[in-house]
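Peer 1: I'd like to go over a predicted model; first the sequence, then the structure.
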Amino acid sequence: MKIAVSGKGGVGKTLLSAFLARAFAAGGNRVIAIDADPDANLGATLGFPDAGKIVPISHLKDLIRQRTGAEETAGGLYFKLNPKVDDLPDDYSVSHDGIRLMVMGEVKKGGSGCYCPENALLNSLMSHLLLGRDDVVIMDMAAGIEHLSRGTAQAVDRLIIVVEPGQASMETALRVKQLARDLGIKELAVVGNKVHGADEEAYIRKGTEGLDMLGVIPYDPGLVDAQMKGLPVIRSQVIKSSVDAIYTKLIAQPIK
Ligand SMILES: Nc1ncnc2c1ncn2[C@@H]1O[C@H](COP(=O)(O)OP(=O)(O)OP(=O)(O)O)[C@@H](O)[C@H]1O
Ligand SMILES: [Mg+2]
């Protein structure tokens, strides 16, 4: 199963991605967690030691030059659009607690789509991860879903949009929904997060009517406490039990 997680800044995309990765790994799956947010913190959330030291793929200039054969000539910049990438998940990932993590870095933006060696490598890698392997992939994205392209988006089995009680995240959800449709992602789902009770849950359910609601995660005050003490948030049992229910629902749904 290939899952992408998106939504407004701060709604809990990384939290959900981390707990989902854990749930799939506990279910006996080979899991690759992909940090596709330029402001990467999935590794830290998953409790990876030295998470801050992982160099994102988009920063590996030598690798990018080598694989794409990028060469500046008098006639312009030449590089391969389909560089070899199938060995990168082994060589450029870190593993911890049964989860393999890859950190992508930022996608360069340009006027009408940026054709540059960095993007050619990232796009080929994304394509390989989504289409060329059978590991479960959980991708933590920013609201812009830049790491997906027309060619790779269709391989996403489910784009989960995280929302919290409040209009701003609902509006972002609608924007992400439109981006997803434009890219050809058919299966959209919603998860409500930071929910303080029945009224807030009802608010989220009403605001996302028409989208597949996978479940809600309560607000856990213990997370703030854990973060202040520098403890990994992945230990929260409150979050774990609600994300485990979401996982159970996800694996019960057929992939179209
Ligand atoms: N259910 C929850 N209960 C309490 N705190 C939460 C909950 N979900 C997320 N948080 C806290 O909210 C903050 C944002 O969560 P997280 O980093 O997962 O969001 P994000 O959508 O990935 O943010 P960003 O857009 O910055 O990547 C974190 O400090 C996290 O611990
Ligand atoms: Mg995040």
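Peer 2: Perfect, I can see it now. Ligands and ions are numbered 1, 2, ... in the order given.
Peer 1: tell me the secondary structure for residue 140?
Peer 2: strand (DSSP: H, G, I helix; E, B strand; the rest coil).
Peer 1: distance-wise, check it relative to residue 162.
Peer 2: From residue 140 across to residue 162, the span is 10 Å (CB to CB, to the nearest Å). Placement of C-beta: from N, CA and C, glycine included.
Peer 1: who's more crowded, the two?
Peer 2: Using other CB atoms under 10 Å as the criterion, residue 140 and residue 162 rank with residue 140 on top: 30 against 27.
Peer 1: quick one, what contacts the more buried one?
Peer 2: 5, 13-14, 17-18, 33-37, 42 (CB atoms under 8 Å, 6 or more residues apart in numbering).
Peer 1: closest one to ligand 2 out of the residues you listed, please.
Peer 2: Distance to ligand 2, by CB to the ion, is smallest for residue 14 among the contacts of residue 140, at 3.3 Å.
Peer 1: part of a helix, is that closest one?
Peer 2: Yes. In this structure, residue 14 lies within a helix as judged by three-state DSSP.
Peer 1: can you verify my assumption that it contacts residue 42?
Peer 2: Yes. Taking CB atoms under 8 Å as the definition, residue 14 is a contact partner of residue 42 at 5.4 Å.
Peer 1: of these two, which one has the most company?
Peer 2: Shown here are residue 14 and residue 42; by other CB under 10 Å, residue 42 has more neighbours (28 against 24).
Peer 1: ok, the more buried one - contacts?
Peer 2: Contacts of residue 42 (CB under 8 Å, 6+ apart): 14, 17-18, 33-35, 101, 103, 140.
Peer 1: give the residue farthest from the middle of this structure.
Peer 2: If you look at how far each residue of the chain sits from its centre, by CA atoms, centre = their mean, the farthest one is residue 74, at 39.1 Å.
Peer 1: flag the shaky bits of the stretch 151-256 of the chain, pLDDT-wise.
Peer 2: Along the stretch 151-256 of the chain, segments meeting pLDDT under 70 span 256.
Peer 1: that older thread, need the max-distance pair from the contacts of residue 42.
Peer 2: Spatial extent of the contacts of residue 42 (CB to CB) is set by the pair 18 and 103 at 13.5 Å.
Peer 1: who's more crowded, the two?
Peer 2: Under the neighbour definition other CB under 10 Å, residue 18 and residue 103 were set side by side, and residue 18 has more, 30 against 25.
Peer 1: avg pLDDT for stretch 123-130?
Peer 2: Taken as a whole, stretch 123-130 has a mean pLDDT of 94.
Peer 1: how far off centre is it?
Peer 2: How far stretch 123-130 lies from its chain's middle: 13 Å, per CA atoms, centre = their mean, to the nearest Å.
Peer 1: can I get it in PDB? Just the C-alpha atoms.
Peer 2: C-alpha atoms of stretch 123-130 as PDB (Å, rounded to 0.1, in the frame of the first residue of the first chain):
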ATOM      1  CA  ASN A 123      11.000  12.100  -9.500                       C
ATOM      2  CA  SER A 124      12.700   8.900 -10.600                       C
ATOM      3  CA  LEU A 125      13.200   7.900  -7.000                       C
ATOM      4  CA  MET A 126       9.600   8.600  -6.100                       C
ATOM      5  CA  SER A 127       8.500   6.600  -9.200                       C
ATOM      6  CA  HIS A 128      10.700   3.700  -8.100                       C
ATOM      7  CA  LEU A 129       9.400   3.800  -4.500                       C
ATOM      8  CA  LEU A 130       5.800   4.000  -5.600                       C
END
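Peer 1: which residues in the stretch 1-150 of the chain form strands?
Peer 2: 2-7, 31-36, 71-73, 76-78, 94-96, 99-103, 136-141 (DSSP state E, counting those that start in this stretch).
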